[in-house]
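Engineer: Turn this into a structure:
(one chain, ligands or ions: 2)
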Amino acid sequence: MLIVADENIPLVDSFFDDFGEIRRVSGRHMGPDDVREADVLLVRSVTKVGRELLEGSRVRFVGTTTIGTDHIDLEWLEPAGIRFASAPGCNANSVAEYVLSVVSVYAEKQGLEDWTELTVGIVGAGNVGGELSHKLERLGFEVRLCDPPRAEREGDEGPEFVSLEQALACDVVTLHTPLTRDEEHATYHMIGADQLAGLTGEQLLINAGRGEVIDTQALADRLDAPNAPLVALDVWEQEPRIDPGLVDRVWIATPHIAGYSLEGKVKGTEMIYQALSGFLGLPVRKKSGQFLPEPALSKVAFTGAAEEDRAICVALRACYDPRGDDGRLRAAMKGNAEERALAFDRLRRNYPVRRECSSLNVQLKGTSKSLQDSFRAVGFKLKI
Ligand SMILES: NC(=O)C1=CN([C@@H]2O[C@H](COP(=O)(O)OP(=O)(O)OC[C@H]3O[C@@H](n4cnc5c(N)ncnc54)[C@H](O)[C@@H]3O)[C@@H](O)[C@H]2O)C=CC1
Ligand SMILES: O=C(O)C(=O)[C@H](O)COP(=O)(O)O
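Structural biologist: Ligands and ions are numbered 1, 2, ... in the order given. Okay, the predicted model is just below:
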């Protein structure tokens with residue numbers, strides 16, 4: 001069996017070497033010649049998968065080691081008899097930690113003593129938005145969820161949902177919807193000039209869903225107008241050819257890495273390994289835990305003298321601080337459009353190992369119960 005895999009999928013050999021030959025190719029430049037002889041195709045979000053790539057090939061199984069599926073033509077795959085699997089939720093915790101860290105830096109920038117004073121509107125309350133809201137609520141934030149498809153499906157059975165307008169009135173608004181077009185509640189350019197006009201300089205807008213959910217031109221115009229909100233963008237229209245002018249205008253700019261914790265990436269590979277095993281009728285013998293290395297930073301200790309918010313933020317940012325990625329992306333926005341696109345992809349390909357908060361043992365000596373609860377809420381392992 002021939003497996004063709006994006007070269008940026010981690011641990012492909014460790015998980016898939018029992019199945020047959022593995023051929024690694026560039027996901028960004030994958031073409032019909034690369035996949036013609038393949039039985040199995042493993043991709044990430046940068047490969048468009050549909051008729052153009054697969055017609056006439058032997059491929060019978062396509063797996064994407066990502067949450068998002070907007071790069072896959074699902075309507076074409078099914079009638080073509082090609083089994084498809086994605087990795088729902090694989091890096092949801094990574095994205096939630098990214099957002100928490102951005103919010104912690106924002107609260108500090110605003111001079112807030114207590115970051116939970118901020119209200120947070122989450123647009124898209126699925127695996128990512130749900131995980132984020134769970135952490136925020138346990139930390140004591142007021143959270144408003146906007147998710148019309150869920151609201152319609154769940155009615156009185158579900159949590160309380162607000163309208164997009166109400167979510168956009170929160171101090172922090174964070175977008176976690178899939179990219180959808182031509183359907184009810186489509187998210188393409190869901191945040192346009194009208195929505196942006198209502199945001200003020202007292203607000204933070206985060207997008208860690210897909211770039212096309214915000215109308216880039218409208219955002220650039222809004223950021224040039226008075227009383228503009230601060231904006232943190234992890235995702236961009238037309239990646240990797242992103243608009244350097246927009247990078248200049250936003251407060252935090254990162255190269256689509258919110259989901260790039262090692263745990264999240266490896267979980268994506270593991271979920272597709274499980275799906276392929278099921279498709280082939282073979283037992284699942286491998287688990288991601290057996291391949292995860294010891295983290296470089298494994299312990300931190302706080303004493304009773306620690307200020308509650310500060311301690312949480314110090315620990316959070318010891319695991320992940322978005323300002324490092326922001327600085328690297330800004331430094332990469334040099335040269336012509338082609339050079340900038342290559343630099344954007346290079347930052348993603350050579351991304352440093354980032355571990356989730358659950359990899360860090362936090363020792364708390366003589367600290368309050370509420371500080372302990374806050375650490376647990378974020379997902380740290382506690383030693384008291
Ligand atoms: N920046 C990054 O690195 C990452 C980005 N993503 C993106 O985040 C998206 C969301 O991920 P998950 O939460 O795991 O997906 P999910 O499918 O679990 O949840 C998405 C939620 O959005 C809701 N939704 C759909 N249309 C909406 C609308 N118009 N308004 C409000 N809510 C709407 C859905 O009902 C669903 O509850 C993915 O589709 C992917 O595009 C995912 C992982 C990493
Ligand atoms: O899982 C998703 O959906 C994501 O957005 C991934 O984090 C994107 O990573 P790549 O597939 O673009 O490496």
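Engineer: can we go C-alpha only for contacts and neighbour counts from here?
Structural biologist: OK.
Engineer: which residues of the chain score low on pLDDT?
Structural biologist: Within the chain, no stretch has pLDDT under 70.
Engineer: Around ligand 1, pick out the residues from it.
Structural biologist: With C-alpha under 6 Å from any ligand atom as the criterion, the chain meets ligand 1 at residues 67-68, 88-89, 91-92, 95, 123-129, 146-150, 176-179, 185-187, 208-210, 234-235, 256-259.
Engineer: Going through those, which ones are buried?
Structural biologist: Neighbour counting by 16 or more other C-alpha atoms under 10 Å classes 67-68, 88-89, 91-92, 95, 123-129, 146-148, 176-179, 187, 208-210, 234-235, 256-259 among those as buried.
Engineer: List the ones among those residues that fall in helices.
Structural biologist: Using DSSP state H to define helices, the subset of these located there is 92, 95, 127, 128, 129, 148.
Engineer: give me the number of residues near residue 338?
Structural biologist: If you count neighbours by other C-alpha atoms under 10 Å, residue 338 ends up with 11.
Engineer: can you map out the strands along the stretch 151-300 of the chain?
Structural biologist: 172-175, 204-207, 230-233, 252-253, 299-303 (DSSP state E, counting those that start in this stretch).
Engineer: which residue is nearest the middle of this structure?
Structural biologist: residue 259 (3.5 Å; C-alpha atoms, centre = their mean).
Engineer: For the helix or strand residue 105 falls within, buried residues please.
Structural biologist: Assessed by DSSP states H and E, residue 105 sits inside helix 92-109. Buried positions in helix 92-109, judged by neighbour count with 16+ other C-alpha under 10 Å: 92-107.
Engineer: which residues are contacting that helix?
Structural biologist: With contact meaning C-alpha atoms under 8 Å, 6 or more residues apart in numbering, helix 92-109 is reached by 113-115, 127-129, 131-132, 172, 174, 204, 206, 208, 232, 258-261, 263-264, 313, 316-317, 320-322, 356-357, 378.
Engineer: can you pull the contacts of residue 298?
Structural biologist: For residue 298, the residues meeting the contact criterion (C-alpha under 8 Å, 6+ apart) are 359, 360, 361.
Engineer: Equivalent analysis for residue 54, please.
Structural biologist: So, once contact is read as C-alpha under 8 Å, 6+ apart, residue 54 ends up touching 32, 35, 36.
Engineer: before we move on, back to that, return the member of the contacts of residue 298 nearest to ligand 1.
Structural biologist: residue 359 (19.4 Å; C-alpha to the nearest ligand atom).
Engineer: got a list of what that closest one touches?
Structural biologist: The neighbours of residue 359, taking C-alpha under 8 Å, 6+ apart as the test, are 295, 298, 380, 381.
Engineer: Isn't the third one up against residue 357?
Structural biologist: Think residue 380. Yes. Counting by C-alpha atoms under 8 Å, residue 380 touches residue 357, with 5.1 Å between them.
Engineer: Bridged to residue 381, which residues?
Structural biologist: Taking DSSP bridges as the rule, residue 381 bridges to residue 361.
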